[in-house]
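Student: Sequence first, predicted coordinates after that:
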2 protein chains.
Amino acid sequence: MVKITDVARSAGVSPSTVSYVLSGKRSISAATRQRVEASIRELGYRPHAGARALASSRSNVVALVMPLRSGVHVPVQMQFAASVVTTARAHDHDVLLLTQEEGEDGLRRVADSALVDALVVMDVQLHDARIPLLRSLGLPSVLIGFPAEAAGLTCIDLDFTATGAECVSHLARLGHRCVALLGSPPEVYARDTGYARRTAAGFTAAARRYGMTSTVLPCAPGAPAARETVDRLLREHPDLTGVVVHNEPALGPLLEAFQRAGLRVPEDLSVVALCPDELAEGADVPLTSVALPAAEVGERSVDLLMAKLAGREVPDATLLPPQLTERASTAPRAHVNRLPTSTDCGAR
Amino acid sequence: MVKITDVARSAGVSPSTVSYVLSGKRSISAATRQRVEASIRELGYRPHAGARALASSRSNVVALVMPLRSGVHVPVQMQFAASVVTTARAHDHDVLLLTQEEGEDGLRRVADSALVDALVVMDVQLHDARIPLLRSLGLPSVLIGFPAEAAGLTCIDLDFTATGAECVSHLARLGHRCVALLGSPPEVYARDTGYARRTAAGFTAAARRYGMTSTVLPCAPGAPAARETVDRLLREHPDLTGVVVHNEPALGPLLEAFQRAGLRVPEDLSVVALCPDELAEGADVPLTSVALPAAEVGERSVDLLMAKLAGREVPDATLLPPQLTERASTAPRAHVNRLPTSTDCGAR
DNA sequence: CCTTCGAGTCGAAGCGCTTCGATAACGGGG
DNA sequence: CCCCGTTATCGAAGCGCTTCGACTCGAAGG
């Protein structure tokens, strides 16, 4: 193994000079720098990560805590992870993979042993047991998702409130007057998930602004439940012409249930989905949708982390604006003129 | 930060004794051990990973090289990753996540900087550029998949030859006499993928053993290509009653094409798929299938790695036996008595 | 002309841990 | 009773790097 003293000898300088060439923390004359860099290349020198971590108390590794078997759409998670790794590498950091199951002990372990400098925690719940720990750990961290008590923590996610609103706007621009949000199963609203409520809030508020009739209906998984939900919806709102579906597993069954109820998409019913683009594109009628921008979330979270590591101030909350992609499942409300303001709707 | 000298002082022993309690590399009296362990717990001591790595030249981290954006079924990759992380943790190791894109430089980097002790490399191609590097790196590694020149490398994968054979056996037991393997697109066979050929070889050999008529047909992705393949297959083999599909993206289109051609599954045609269980279960007619045992591959690869790290000898090749799960898509050939040997077919 | 300052370099002191003798205490065989 | 082999423990020497203070040298300022 070639070490810093070998490089130093070969370049005719002291080890500390080599170190300063590498870190840039002190000025080095151009001539020396070049000699050192040549020696490094020639010898194929790579600093020993452990030694470096010990001396500098920086490991240049960030932990990524992933829900490795959860229900969240897995390709989206992958995209996120890929983006985290790529961005971290761009900042000269590596990524240590932790599973959700390791839990609080795992976080404490990697933090206390100085294995990592910082943490990215995915899939944060409203009342997440890890929150107090993260506060006390003394390592910079970024959370994907917003817990109930987010003050002092750095959190990032899609802006679900704006997403709910954006879907309504889109339908409003198409002339729809009566819309519904088909959301997660009831237990999700009750449970620890902030995004469901925020979407609903944005949806409802926007509908009120537009003077539209709106409902929010939870929807259990499974085809029978979907049929039931649809039946009830159409019974209670016979003039419904637009729905927003924020429930990935129920999406297919719901669409089928609408079809079975005699509604064609988009002629009789416009549908906006909150789901990955692949899913929206793959549907029988390609769906107008808002996707979770996983790659961007990953990149931004690492950027935030690096800023914190550099001692810079970062905002507590980062909300990414929704991007609605118009596809075939939404159309102007039949027999109604499009509103005069109707324009392109955000598909970029 | 609490360090080993703190523990030593608190327990009234020397730092080296604490170290030996932790590592078990020298005998320690029960009394001393207990005092030390109590101090460790009391102070919440965690060895500094960097210091440990420096002194012991062991980082207790393994690298996992993943194709983070590839075409392989993503949930299967996730399952694999989860299994690797969990198993590694059980051996007191952590997992560093690398992307395929980091390539050879990435491997060299983490190896030379002693960031990791060992490597798990997924998605190994027949002529993988990383093979020579892995040989020269001096770190233990395990490859998922078999390169052309595997001698001296530790490789593990599903036994695709046996898989091809097992599918044929299943069909044979059901009385089928004329079968086809619908495989990957032509370029995959030409290109760098060992498993496609091995499946085909096992398939063909088994068919010969059973005295069956058999064909292997590549299949391009997309519905039109699927229809074309099916048309050709039925034209050339009018008495075909069983097919094995080893091509995940083409699976749906192929099934549709068969239906369109007037063949009902399983009444007119028995279908065996090589695909994840979820996909097989989710099909209109649940498919008899052989799944890639991702969790087991992950666990076994880490076990192999740990054995190598411990200096034990391990087999070069580990081939996991296929597990065929019988579902609704295969049935006895119509108007033909089941073979007398017909029994339960391997669904466990 | 002497001081001051910054740029550039070096030497040495650790960072927290492991590990290799060395040492001591203690039985047991000759 | 002495020597030897265990067993249990300690002290010290690093592991390879970063970083801090100190030093030198030349240029700029008074």
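Tutor: It's in.

Student: Check which element follows the helix or strand hosting residue A:9 along the chain.
Tutor: Under the criterion of DSSP states H and E, residue A:9 resides in helix A:4-11. As assigned by DSSP H and E, the chain's next helix or strand after helix A:4-11 is helix A:15-23.

Student: then the helix holding residue A:9 to CSV, C-alphas only?
Tutor: Written as CSV, here are the backbone C-alpha positions of helix A:4-11 (Å, rounded to 0.1, in the frame of the first residue of the first chain):
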residue,chain,number,x,y,z
ILE,A,4,1.4,9.8,2.0
THR,A,5,5.0,9.5,3.1
ASP,A,6,5.8,7.7,-0.1
VAL,A,7,4.3,10.4,-2.2
ALA,A,8,6.1,13.0,-0.1
ARG,A,9,9.5,11.3,-0.6
SER,A,10,8.9,10.9,-4.3
ALA,A,11,7.9,14.6,-4.7
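
Student: Is it positioned near DNA strand D?
Tutor: Yes - using Cβ under 7 Å from any atom of the strand, we find that helix A:4-11 touches DNA strand D at A:4-5. For the C-beta atoms, the positions are set from N, CA and C on the backbone; glycine is no exception.

Student: So what's the gap between that helix and the chain middle?
Tutor: In terms of Cα atoms, centre = their mean, to the nearest Å, the centre of helix A:4-11 is set 45 Å apart from its chain centre.

Student: do stretch A:44-55 as well
Tutor: Its chain's C-alpha centre and that of stretch A:44-55 lie 33 Å apart, by Cα atoms, centre = their mean.

Student: For residue A:74, give me its contacts.
Tutor: B:74-75, B:78 (Cβ atoms under 8 Å, 6 or more residues apart in numbering or on different chains).

Student: possible to save those residues as JSON lines with pLDDT and secondary structure?
Tutor: Converted to JSON lines, the contacts of residue A:74 look like this (pLDDT from 0 to 100; DSSP: H, G, I helix; E, B strand; the rest coil):
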{"residue": "B:74", "pLDDT": "86", "secondary structure": "helix"}
{"residue": "B:75", "pLDDT": "87", "secondary structure": "helix"}
{"residue": "B:78", "pLDDT": "92", "secondary structure": "helix"}
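
Student: Could you tell me which ranges of chain A sit under the pLDDT cut-off?
Tutor: Regions of chain A meeting the criterion pLDDT under 70 cover residues A:69-71, A:188-192, A:335-348.

Student: Can you give the domain ranges for it?
Tutor: Structural domains annotated on chain A: A:4-47, A:61-158+A:294-320, A:160-287, as defined by automatic domain parsing.

Student: Looking at those domains, spot the one closest to residue A:327.
Tutor: Minimum separation from residue A:327 across the domains of chain A (Cβ to Cβ) falls at domain A:160-287, 4.0 Å.

Student: The closest one: end-to-end distance?
Tutor: By Cα to Cα, to the nearest Å, the extent of domain A:160-287 from end to end equals 19 Å.

Student: How about stretch A:39-58?
Tutor: End to end - Cα to Cα - stretch A:39-58 spans 25 Å.

Student: Now do the buried residues in that stretch.
Tutor: A:39-40, A:45-54 (16 or more other Cβ atoms under 10 Å in any protein chain shown).

Student: Just give me the neighbour total for whichever residue of the stretch 201-348 of chain A sits closest to DNA strand D.
Tutor: Proximity of the stretch 201-348 of chain A to DNA strand D (Cβ to the nearest atom of the strand) peaks at residue A:309, 12.8 Å away. For residue A:309, the neighbour count with other Cβ atoms under 10 Å in any protein chain shown is 17.

Student: Likewise for residue A:205?
Tutor: So residue A:205, with other Cβ under 10 Å, has 15 neighbours.

Student: so who does it touch?
Tutor: The neighbours of residue A:205, taking Cβ under 8 Å, 6+ apart as the test, are A:161, A:164-165.

Student: can you list the residues that contact stretch A:291-301?
Tutor: Residues contacting stretch A:291-301 (Cβ under 8 Å, 6+ apart): A:76-77, A:79-84, A:86-87, A:120, A:142, A:144, A:156-158, A:274-277, A:280, A:318, A:320, A:323, A:325.

Student: Contact residues of the stretch 1-150 of chain A facing chain B?
Tutor: Counting by Cβ under 8 Å from any Cβ of the partner chain, the stretch 1-150 of chain A comes close to chain B at A:1, A:44, A:46-54, A:59, A:61, A:64, A:68-69, A:74-75, A:77-79, A:81-82, A:85-86, A:89, A:94-99, A:101-102, A:109-110, A:112-115.

Student: Mind checking which of the residues you listed land in strands?
Tutor: Counted as lying in strands by DSSP state E, out of these, are A:61, A:64, A:94-99.

Student: now, the most widely separated pair of the residues you listed?
Tutor: A:94 and A:99 (17.4 Å).

Student: which residues sit in contact with the residue of the stretch 201-348 of chain A closest to DNA strand D?
Tutor: A:117-118, A:140 are the contacts of residue A:309 under Cβ under 8 Å, 6+ apart.

Student: Got phi/psi on it?
Tutor: phi -60, psi -30 (degrees, to the nearest 10).

Student: For the residue nearest to residue A:122 when sequence neighbours are not counted, name its beta-bridge partners.
Tutor: Nearest residue to residue A:122, sequence neighbours excluded (Cβ to Cβ, 6 or more residues apart in numbering or on different chains): residue A:144, at 4.6 Å. Residue A:144 has these beta-bridge partners by DSSP bridges: residue A:156.

Student: and what of residue A:243?
Tutor: Where residue A:243 sits in a bridge, its partners, by DSSP bridges, are residue A:180, residue A:271.

Student: Look up how far chain B lies from it.
Tutor: Residue A:243 sits 24 Å away from chain B, going by Cβ to the nearest Cβ, to the nearest Å.

Student: didn't that residue look like it was pressed against residue A:271?
Tutor: Yes - at 5.6 Å, residue A:243 and residue A:271 qualify as touching, with contact defined as Cβ atoms under 8 Å.

Student: what is in contact with these two at once?
Tutor: Residues touching both residue A:243 and residue A:271 (Cβ under 8 Å, 6+ apart): residue A:258.

Student: which residues does the closest residue to chain B within the stretch 51-200 of chain A contact?
Tutor: Chain B sits closest to residue A:53 of the stretch 51-200 of chain A, with a gap of 3.1 Å, by Cβ to the nearest Cβ. Contact analysis of residue A:53 by Cβ under 8 Å, 6+ apart lists A:59-60, A:114, B:49-50, B:53.

Student: Swap in 10 Å and give it another go.
Tutor: A:47, A:59-61, A:114-115, A:117, B:48-51, B:53-54, B:59, B:115 (Cβ atoms under 10 Å, 6 or more residues apart in numbering or on different chains).

Student: what does residue A:275 give?
Tutor: Residue A:275 sits in contact with A:73, A:76, A:245-248, A:251, A:283, A:287, A:289-292, where contact means Cβ under 10 Å, 6+ apart.

Student: All the strands of the stretch 101-250 of chain A, in order from the start?
Tutor: Ranges of strands in the stretch 101-250 of chain A, per DSSP state E, counting those that start in this stretch, are A:118-121, A:141-144, A:154-158, A:178-182, A:213-217, A:242-245.

Student: from these, which stretch is densest packed?
Tutor: strand A:242-245 (a mean of 28; mean count of other Cβ atoms under 10 Å in any protein chain shown).

Student: quick one: residue A:319 and chain B, what's the gap?
Tutor: 26 Å.

Student: residues near the residue nearest to that residue when sequence neighbours are not counted, how many?
Tutor: Excluding the flanking residues, the one nearest residue A:319 by Cβ to Cβ, 6+ apart is residue A:159, at 3.7 Å. Residue A:159 has 19 neighbouring residues, counting by other Cβ under 10 Å.

Student: next one: phi and psi at residue A:159?
Tutor: The phi/psi pair for residue A:159 (degrees, to the nearest 10) is phi -80, psi 90.

Student: you'd agree it is up against residue A:198?
Tutor: Yes - if you go by Cβ atoms under 10 Å, residue A:159 and residue A:198 touch, sitting 8.2 Å apart.
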